[in-house]
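J.: what's the 3D shape of this:
(chains A and B)
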Amino acid sequence: MRKALLILSFVFVILSIVFSILPLDTLALLPIGAALILIFITFKKSDTDQRKLVKWLFAIAYICVIFVLGKTYLIKDEVEKDQQFEQQKIETKQEAKKELEDLEKDLEGLE
Amino acid sequence: MKKITFIIATLLIFCSFTADNKVVIPSGEKLVYAGSYNMSGLMTQLAQVTMSTETQSTSKNTYLHLNCELATFSKWDKFFKIRDIYEAYVNPTTLKPSLYKRSVDEGGYTKKEKYVFKGNSVTSTSKKRNNPETTRTFNIGASTLDVVSLLYKVRTIDFSKMKSGQTKSFTIVFDEKEIPVTLKYMGTESVSAGNLGQKECYKLSIGAKTNKLKGTDKNLIWLTADAKKVPALMKFSIPVGTGQLALTSATGI
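T.: Next up, the predicted model:
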């Protein structure tokens, strides 16, 4: 039982690290939360001399929490300046002007 | 992919109402929103939505260009980059559209649409990624509008005379067809409106005969209860989840 919990804790800690590194925002708190719960249960099921690895897993999960919350609250969400998008907007506007003029001609023809 | 289209469609379909034409949408207005999506129970900020207006003149007419852009925050770009533009060219006074355009670029999926309004008919042109361009002409009602202009038209309505629970029915054009939309006024609530601070707002519920919206009174919009009627918060519920658009900055109003 303890071994299975330890393996699960380990797997979720790995997932926590991966989710924390990826730009998944607070979504990373899901595997971290699961990891912390599993670590806690494993800790309770472990004898005093078996708790060293569990403590390390807890420390890593804790660092992940701090890292994710730090990213969420300290780093401002920004949209990158996209030259291609800006160019597209200019071209779309020019096209629209021509299309409006064509429409005006069509409507004149109908009258 | 469908999620994003649903979200944008939902946001744009949000409003459809009769208008008090005395209120004029100003040129030069810019509203910036933080778009969040509920991922496994956690509201995650995904994109910035910018709604802006400007005057566009041709040799014969002057139009109001209503522009709605959606761009993912840079941290998401490497995984799923979105750059969408929804725009309408409308009569500055009545907000009746002459041209509606939609350009979608979502993680490599591209789609372009154009609707040209000629009296009681619309000619739509649609081009999906690798598919050939299709053109269709269909009839519309005299008051049928596109989704972008409706999003602005809502702000010209006088809600002060409406009673809680009162509804209005309208029609919009989306996905090359007309869609009936119902609006329900739900009273007033105080919500945060970005740089405008805490504001008393009109709470409205939107329902459309489309599979893009889900639930009853789960698609909501809050407009500041003042002359500007700035959309301060929008919440949506679609088949693939829920999300919201929260106003972060309002300038030129």
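
J.: what does chain A have sitting close to chain B?
T.: A:22-27, A:29-30, A:77-80, A:82, A:85, A:88-89, A:92-93, A:96-97, A:99-101, A:103-104, A:106-107, A:110 (C-beta under 8 Å from any C-beta of the partner chain). Backbone N, C-alpha and C define where each C-beta goes, glycine included.

J.: ok, 7 Å please
T.: A:23, A:25-27, A:29-30, A:77-80, A:82, A:85, A:89, A:92, A:96-97, A:99-101, A:103-104, A:106-107 (C-beta under 7 Å from any C-beta of the partner chain).

J.: buried only: go through these for me.
T.: Neighbour counting with 16 or more other C-beta atoms under 10 Å in any protein chain shown marks A:23, A:25-27, A:29-30, A:77, A:79, A:85, A:89, A:92, A:96-97, A:99-100, A:103 as buried within these.

J.: quick one, what contacts the closest residue to chain A within the stretch 101-250 of chain B?
T.: Here the stretch 101-250 of chain B gets closest to chain A at one residue, residue B:116, 5.8 Å apart by C-beta to the nearest C-beta. Residues counted as contacts of residue B:116 (C-beta atoms under 7 Å, 6 or more residues apart in numbering or on different chains) are A:99, A:103, B:99, B:122, B:123.

J.: looking at those, point me to the pair that's furthest apart.
T.: Farthest apart among the contacts of residue B:116 by C-beta to C-beta are A:99 and B:122. That separation is 13.5 Å.

J.: quick check: residue A:6 is in a strand.
T.: No - counting by DSSP: H, G, I helix; E, B strand; the rest coil, residue A:6 falls outside a strand, being helix.

J.: quick check: the closest residue in space to it that isn't next to it in sequence vs residue B:108, distance?
T.: Leaving aside its sequence neighbours, residue A:6 sits nearest to residue A:42 (C-beta to C-beta, 6 or more residues apart in numbering or on different chains; 5.4 Å). Residue A:42 is 42 Å from residue B:108, where distance means C-beta to C-beta, to the nearest Å.

J.: nearest residue to residue B:79 other than its sequence neighbours?
T.: Going by C-beta to C-beta, 6+ apart, residue B:79 has residue A:23 as its nearest residue, at 6.8 Å.

J.: doesn't residue B:77 make contact with the one you found?
T.: No - at 9.0 Å, residue A:23 does not count as touching residue B:77 under the criterion of C-beta atoms under 7 Å.

J.: out of everything not next to it in sequence, what's closest to the residue nearest the centre of chain A?
T.: Among the residues of chain A, the one closest to the centroid is residue A:24, at 0.5 Å (C-alpha atoms, centre = their mean). Excluding its sequence neighbours, the residue lying closest to residue A:24 (C-beta to C-beta, 6+ apart) is residue B:44, at 7.6 Å.
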